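> need a structure here:
(2 chains)
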Amino acid sequence: MSKLAGKVAVVTGASKGIGASIAEQLAASELTPKDALLRFYEAEANYMKAFQGNGVASFDEMREILAPDVVLHQSPDLPFGGDYVGYEGYERWAATMGSIFDKLEVTERQFFERADKVIVVCRFITRSRINGSVQDLPMAQVVTVRNGKIVDFRPFYWNVPAYVAAAAR
Amino acid sequence: MSHKEQQSAETLKRFYEAESAYLVSGGGDFSGVAATLDPDCVIFQPTSLPYGGEWRGHSGFEAWVKAFAEQWSSLEVKNSEFYPNGDVIVSKSHVSAVAKSTGRDADWPLLQFFRVRNGKIVELRPFHWDTARMLDALKP
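Next comes the predicted model:
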């Protein structure tokens, strides 16, 4: 729980300048890492839906929950491996995933929260756009949150060679 | 952390110590590891690894540790942080190991999903950072 939970703050002049910044930080600091991640999932689902529907999607909602210097660490041997930095990095990663998979589904999420991190253990179902293969495997992910925004994602894929095979022609 | 969660974290620490001691001694006495395991325990390993698959019960677990010890001559789990939630604890740590056949050092971030009942491990599922990289270290 945030140490500010249950407290009331009135920020005067909250529509601009320092007041706005304080109001924003107070709102954000109410979010536990798990809350922040749930908000991210919602933003990501909307982003993906718009992208699939129109081929373009606004990144505004994602910006509200991701820190500008967010880093997404992907295991180096994955076909989508490497570190992706910032909003541009995140969008590039999403585009790469979209070029490899035509289905991405996360179910059975379990959350483990401590200090500024939340670990999610889930089932990750993907279908390769390249060869039609389906990967239905467990996945775990460490997400770090600072001031109500996600600064770091580190997903652990159950079986990296399975994803290498998914990208093979 | 509740008392029960604290107790589960202690079980995990004892498990790590017993596992390292077993490997360092070159195998033999499994009783230290067995003391941390429920009789119906199961461990799941990614199928890409030489010791992949499901290993059940004390004998299954011992067979897994032996299969593991054929690949890695030492194992150290460092910087463990425990994330409990009910009867499950996720351990976030860093592993250092030496490949037996090549003598190559390898280290990788690790998450382990443990289900603990009455102070004993009933289920273990490790999430290795990059199984392809581990296979590279093991390749002669």
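> partner residues bridging B:Leu56?
Actually, residue B:56 is Arg. It isn't Leu. Listed by DSSP bridges, the beta-bridge partners for B:Arg56 are B:Val42.
> Next, give phi and psi for the residue nearest to the spatial centre of chain A.
Nearest to the geometric centre of chain A sits A:Phe40, at 5.6 Å (CA atoms, centre = their mean). When read as degrees, to the nearest 10, the backbone of A:Phe40 gives phi -60, psi -40.
> so who does it touch?
Counting by CB atoms under 8 Å, 6 or more residues apart in numbering or on different chains, A:Phe40 touches A:Met62, A:Ile65, A:Leu66, A:Ile150. (C-beta placed from N, C-alpha, C; glycine too.)
> switch to 7 Å and redo it
Residues in contact with A:Phe40 (CB atoms under 7 Å, 6 or more residues apart in numbering or on different chains) are A:Ile65, A:Ile150.
> Let me see the confidence value for it.
At A:Phe40, the model reports a pLDDT of 95.
> How are the strands of chain A distributed by residue range?
For chain A, applying DSSP state E gives strands covering A:66-74, A:82-85, A:101-114, A:117-128, A:134-146, A:149-157.
> Over to chain B?
B:37-45, B:53-56, B:72-85, B:88-99, B:105-117, B:120-128.
> Rebuild those strands as JSON lines, extending it with mean pLDDT and mean neighbour count.
Shown next, in JSON lines, are the strands of chain B (pLDDT from 0 to 100; neighbours: other CB atoms under 10 Å in any protein chain shown):
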{"stretch": "strand B:37-45", "mean pLDDT": "97", "mean neighbour count": "18"}
{"stretch": "strand B:53-56", "mean pLDDT": "97", "mean neighbour count": "15"}
{"stretch": "strand B:72-85", "mean pLDDT": "90", "mean neighbour count": "17"}
{"stretch": "strand B:88-99", "mean pLDDT": "95", "mean neighbour count": "19"}
{"stretch": "strand B:105-117", "mean pLDDT": "96", "mean neighbour count": "19"}
{"stretch": "strand B:120-128", "mean pLDDT": "97", "mean neighbour count": "20"}
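> returning to what we had before: most packed of the strands of chain A?
With neighbours taken as mean count of other CB atoms under 10 Å in any protein chain shown, these reach their highest mean count in strand A:149-157, at a mean of 21.
> I figured B:Arg125 hits B:Gln45, correct?
No - judged on CB atoms under 7 Å, B:Arg125 makes no contact with B:Gln45 at a distance of 8.4 Å.
> what sits against A:Arg127?
A:Arg127 touches A:Phe101, A:Asp102, A:Lys103, A:Val134, counting by CB under 7 Å, 6+ apart.
> Let me fix that, I meant to ask about B:Gly119.
Contacts of B:Gly119 (CB under 7 Å, 6+ apart): B:Gln7, B:Thr11.
> do that again at 8 Å, thanks
Taking CB under 8 Å, 6+ apart, one finds B:Gln7, B:Ser8, B:Glu10, B:Thr11 in contact with B:Gly119.
> From chain A, how far off is the first one?
Yep, that's B:Gln7 we're talking about. Look at B:Gln7 and chain A: by CB to the nearest CB, to the nearest Å, they are 17 Å apart.
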